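[1] Please find the sequence and the predicted model below.
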Amino acid sequence: MPALTVGAAAPDFNLAATDGERHALREALARGPLLAVFFKVSCPTCQFTLPFVERIFQEFKDRGGQVWAVSQDDLDDSRRFAERFSLTFPILVDAKPYSVSRSYGLKFVPTLFLIGQDAEIQLTADGFSRPDLLEIQKRFGSHFSITPASLFLPGERVPEYKPG
(Lines give C-alpha, C1' and ligand atoms only; values in the text may rest on other atoms or scores of the structure.)
Protein backbone atom coordinates (compact mmCIF):
# COMPACT_ATOMS: atom_id res chain seq x y z
CA MET A 1 0.00 0.00 0.00
CA PRO A 2 1.42 3.42 -0.90
CA ALA A 3 1.87 6.08 1.76
CA LEU A 4 -1.11 8.35 2.19
CA THR A 5 -0.88 11.67 0.40
CA VAL A 6 -2.23 15.18 0.87
CA GLY A 7 -6.01 15.21 0.52
CA ALA A 8 -6.46 11.60 1.66
CA ALA A 9 -8.62 10.78 4.66
CA ALA A 10 -6.51 9.95 7.71
CA PRO A 11 -7.41 6.48 9.02
CA ASP A 12 -8.86 6.63 12.50
CA PHE A 13 -6.95 4.91 15.27
CA ASN A 14 -6.93 4.49 19.02
CA LEU A 15 -3.62 3.64 20.70
CA ALA A 16 -2.24 3.60 24.22
CA ALA A 17 0.54 6.03 25.10
CA THR A 18 3.58 5.26 27.21
CA ASP A 19 1.71 6.63 30.24
CA GLY A 20 -1.15 4.14 29.68
CA GLU A 21 -3.64 6.76 28.48
CA ARG A 22 -5.50 5.92 25.27
CA HIS A 23 -5.62 8.41 22.41
CA ALA A 24 -8.30 8.36 19.71
CA LEU A 25 -7.63 10.35 16.55
CA ARG A 26 -11.23 11.40 15.85
CA GLU A 27 -11.66 12.67 19.42
CA ALA A 28 -8.44 14.69 19.16
CA LEU A 29 -9.40 16.21 15.81
CA ALA A 30 -12.56 17.61 17.38
CA ARG A 31 -10.18 19.90 19.33
CA GLY A 32 -8.04 20.95 16.34
CA PRO A 33 -5.39 19.80 13.87
CA LEU A 34 -2.87 17.16 14.90
CA LEU A 35 0.66 16.31 13.83
CA ALA A 36 1.30 12.55 13.87
CA VAL A 37 4.96 11.53 13.68
CA PHE A 38 5.71 7.84 13.05
CA PHE A 39 9.16 6.74 14.23
CA LYS A 40 11.50 3.99 15.40
CA VAL A 41 13.77 4.37 18.41
CA SER A 42 16.85 3.11 16.53
CA CYS A 43 16.42 5.52 13.58
CA PRO A 44 19.13 8.25 13.59
CA THR A 45 16.97 10.60 11.52
CA CYS A 46 14.11 10.14 14.00
CA GLN A 47 16.50 10.98 16.83
CA PHE A 48 17.47 14.16 14.94
CA THR A 49 13.91 15.16 13.98
CA LEU A 50 11.84 14.65 17.09
CA PRO A 51 13.57 17.32 19.22
CA PHE A 52 12.56 19.88 16.56
CA VAL A 53 9.01 18.52 16.66
CA GLU A 54 9.14 19.03 20.45
CA ARG A 55 9.93 22.72 19.83
CA ILE A 56 6.82 23.02 17.66
CA PHE A 57 4.77 21.30 20.36
CA GLN A 58 6.11 23.59 23.09
CA GLU A 59 5.23 26.64 21.02
CA PHE A 60 1.60 25.64 20.42
CA LYS A 61 0.57 23.25 23.22
CA ASP A 62 -0.94 25.95 25.42
CA ARG A 63 -3.15 27.06 22.52
CA GLY A 64 -4.30 23.50 21.79
CA GLY A 65 -1.58 22.37 19.38
CA GLN A 66 -1.51 18.59 19.26
CA VAL A 67 1.47 16.38 18.47
CA TRP A 68 1.55 12.62 18.83
CA ALA A 69 4.53 10.41 18.10
CA VAL A 70 3.64 6.86 17.05
CA SER A 71 6.41 4.45 18.01
CA GLN A 72 7.06 1.18 16.23
CA ASP A 73 8.94 -0.09 19.28
CA ASP A 74 7.91 -1.59 22.59
CA LEU A 75 6.69 0.35 25.59
CA ASP A 76 9.97 0.40 27.53
CA ASP A 77 12.12 1.44 24.55
CA SER A 78 9.58 4.14 23.64
CA ARG A 79 9.63 5.52 27.19
CA ARG A 80 13.44 5.59 27.24
CA PHE A 81 13.47 7.38 23.87
CA ALA A 82 11.05 10.06 25.16
CA GLU A 83 13.19 10.58 28.26
CA ARG A 84 16.47 10.66 26.33
CA PHE A 85 15.19 13.36 23.96
CA SER A 86 13.05 15.24 26.54
CA LEU A 87 9.84 14.70 24.59
CA THR A 88 6.70 15.85 26.37
CA PHE A 89 4.02 15.11 23.79
CA PRO A 90 2.25 11.74 23.89
CA ILE A 91 4.22 8.75 22.61
CA LEU A 92 1.78 6.13 21.33
CA VAL A 93 2.86 2.54 20.78
CA ASP A 94 1.91 0.82 17.51
CA ALA A 95 2.90 -2.75 18.42
CA LYS A 96 3.54 -5.53 15.93
CA PRO A 97 2.06 -6.09 13.40
CA TYR A 98 2.04 -2.24 13.19
CA SER A 99 -1.58 -2.00 12.05
CA VAL A 100 -1.75 1.80 12.34
CA SER A 101 1.57 2.32 10.53
CA ARG A 102 0.40 -0.02 7.79
CA SER A 103 -2.93 1.81 7.46
CA TYR A 104 -0.94 5.00 6.77
CA GLY A 105 1.20 3.17 4.18
CA LEU A 106 4.55 3.93 5.82
CA LYS A 107 7.70 3.23 3.83
CA PHE A 108 10.17 5.25 5.91
CA VAL A 109 10.57 6.71 9.37
CA PRO A 110 10.19 9.33 10.42
CA THR A 111 7.04 10.08 8.49
CA LEU A 112 4.94 13.07 9.52
CA PHE A 113 1.28 13.69 8.77
CA LEU A 114 -0.38 17.01 9.54
CA ILE A 115 -4.05 16.11 9.88
CA GLY A 116 -6.77 18.75 9.72
CA GLN A 117 -9.89 18.83 11.87
CA ASP A 118 -11.81 17.32 8.95
CA ALA A 119 -9.46 14.27 9.13
CA GLU A 120 -7.90 15.23 5.80
CA ILE A 121 -4.15 14.96 5.50
CA GLN A 122 -2.87 18.48 4.91
CA LEU A 123 0.86 17.77 4.68
CA THR A 124 3.12 14.73 4.61
CA ALA A 125 6.87 14.52 5.06
CA ASP A 126 9.40 11.77 5.46
CA GLY A 127 12.87 11.97 6.88
CA PHE A 128 14.02 15.30 8.27
CA SER A 129 12.90 18.17 6.09
CA ARG A 130 13.66 21.69 7.25
CA PRO A 131 11.12 23.25 4.82
CA ASP A 132 8.39 20.81 5.88
CA LEU A 133 8.94 21.47 9.60
CA LEU A 134 8.77 25.20 8.93
CA GLU A 135 5.56 24.70 6.95
CA ILE A 136 4.01 22.66 9.79
CA GLN A 137 4.97 25.40 12.25
CA LYS A 138 3.52 28.04 9.90
CA ARG A 139 0.23 26.15 9.56
CA PHE A 140 -0.11 25.74 13.32
CA GLY A 141 0.63 29.46 13.64
CA SER A 142 -2.04 30.28 11.08
CA HIS A 143 -4.57 28.02 12.78
CA PHE A 144 -3.92 29.65 16.16
CA SER A 145 -3.53 33.17 14.68
CA ILE A 146 0.02 33.74 15.91
CA THR A 147 3.33 34.41 14.24
CA PRO A 148 5.64 31.50 15.06
CA ALA A 149 8.99 32.03 16.72
CA SER A 150 12.18 30.91 15.01
CA LEU A 151 12.24 27.11 14.95
CA PHE A 152 15.98 26.86 14.38
CA LEU A 153 18.41 28.61 16.69
CA PRO A 154 21.22 30.87 15.45
CA GLY A 155 24.37 28.84 14.91
CA GLU A 156 22.50 25.54 14.78
CA ARG A 157 23.69 23.32 11.94
CA VAL A 158 20.46 22.17 10.37
CA PRO A 159 20.45 20.49 6.95
CA GLU A 160 17.67 21.07 4.44
CA TYR A 161 16.92 17.35 4.25
CA LYS A 162 18.10 14.17 5.91
CA PRO A 163 16.59 10.91 4.62
CA GLY A 164 14.98 8.46 7.02
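    The structure has been received and is ready for your questions.

[2] Below-threshold pLDDT in this protein: ranges please.
    Counting by pLDDT under 70, the chain shows low-confidence ranges at 1-2.

[3] And the most centrally placed residue in it, which helix or strand is it part of?
    Residue closest to the average C-alpha location in the chain (CA atoms, centre = their mean): residue 37, at 2.5 Å. Here residue 37 sits within strand 34-39, counting by DSSP states H and E.

[4] same deal with residue 122?
    Per DSSP H and E: strand 121-126 holds residue 122.

[5] Please work out which residues outside the helix or strand just after that strand touch it.
    Counting by DSSP H and E, the next helix or strand C-terminal to strand 121-126 is strand 128-129. The contact list for strand 128-129, computed with CB atoms under 8 Å, 6 or more residues apart in numbering, reads 45, 48-49, 52, 110, 159-162, 164. (Each C-beta comes from the backbone N, C-alpha and C, glycine too.)

[6] Narrow these to those in strands?
    Among these, the members falling in strands are 161-162 (criterion: DSSP state E).

[7] quick one: the helix ranked longest in the chain to strand 121-126, angle?
    Looking across the chain with DSSP state H, the single longest helix is helix 44-60. Going by axes from the mean of the first three to the mean of the last three CA atoms, to 10 degrees, helix 44-60 is angled at 140 degrees with respect to strand 121-126.

[8] which strands and helices sit next to helix 44-60?
    Helix 44-60 is packed against strand 34-39, strand 66-71, strand 128-129, helix 130-143, strand 161-162, with contacts defined by 3 or more CB pairs under 8 Å, 6 or more residues apart in numbering; DSSP states H and E.

[9] Looking at these, spot the one closest to residue 77.
    Between residue 77 and the helices and strands packed on helix 44-60, the shortest gap by CB to CB is with strand 66-71, which sits at 7.6 Å.
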